[in-house]
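Undergrad: sequence below, structure please.
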Amino acid sequence: MLEEDPQVTEALPDIIEVKAAGAGDLETLLFEFTTEMRAQFDLFRRLRAGAESLLDGADEGLAKQARADIKAATDAIALIVRTLEKIDALLRQLERDRLDAEERQLEARDPDVLRGEVEALIAARVERAVAERLEQALAARKTEVSGLAGGRGPP
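TA: Numbering: from 1, shown residues only. Got it, this is the predicted structure:
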């Protein structure tokens, strides 16, 4: 079992439950199912359209078979749609679970470390703003000095 493997348990962050360790694989599988269901949906839709075209002007036996094919294709399409709805619900739940886990992980972090990170972000932004203003001031001064050198003195 996955829970019993100490290497796996140690490698996982505390916030991730061992039961959810394969969520990425499940998500990939659900996306693959969605693609396959879409192909099946298209196939049954074409089969139904083909059977509908046999209804007009066909003999009674062929028309009866076409109606049975239409019903089978319609039932299969309905099942595919319900399956796709369930896959969508599962994908949405996986995303909610992932966001909840991230939120719990953030809540579990040390407030002093978070405060330090925020202060570092603020300091970096201030440094960028000061550097931009300094560049603008230097460019303006350079323009002023070049104007003086060109014989255009102050008024």
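Undergrad: contacts, neighbours, all on C-alpha from now
TA: Noted.
Undergrad: pLDDT weak spots in this structure?
TA: For the chain, the stretches with pLDDT under 70 are 1-24, 57-58, 149-155.
Undergrad: hmm, 50 instead?
TA: Residue ranges of the chain with pLDDT under 50: 1-21.
Undergrad: packing partners for the longest helix anywhere in it?
TA: Under DSSP state H, the helix in the chain containing the largest number of residues is helix 60-108. Packed against helix 60-108 by the contact rule (3 or more Cα pairs under 8 Å, 6 or more residues apart in numbering; DSSP states H and E) you find helix 23-55.
Undergrad: list the buried residues for the helix it packs on?
TA: Buried positions in helix 23-55, judged by neighbour count with 16 or more other Cα atoms under 10 Å: 27, 30, 34, 37, 41, 44-45, 47-48, 51, 54-55.
Undergrad: next SSE downstream of the longest helix of the chain?
TA: helix 111-149 (DSSP states H and E).
Undergrad: okay, now the domains of the protein?
TA: 1-108, 110-155 (automatic domain parsing).
Undergrad: before we move on, the earlier item: name the nearest of the buried residues of helix 23-55 relative to Ile70.
TA: Arg48 (4.9 Å; Cα to Cα).
Undergrad: what's the local residue count around the nearest residue to that closest one once chain neighbours are set aside?
TA: Excluding the flanking residues, the one nearest Arg48 by Cα to Cα, 6 or more residues apart in numbering is Ile70, at 4.9 Å. Ile70 has 21 neighbouring residues, counting by other Cα atoms under 10 Å.
Undergrad: going forward, begin numbering at 317 instead of 1
TA: Okay, residue one is now 317; in that scheme the one you just asked about reads as Ile386.
Undergrad: so Ile386 versus Glu460, what's the distance?
TA: As for Ile386, its distance to Glu460 is 83 Å (criterion: Cα to Cα, to the nearest Å).
Undergrad: go ahead and flag the most central residue of this structure.
TA: Glu411 (8.4 Å; Cα atoms, centre = their mean).
Undergrad: returning to what we had before: off-centre distance for the longest helix of the chain?
TA: 18 Å (Cα atoms, centre = their mean, to the nearest Å).
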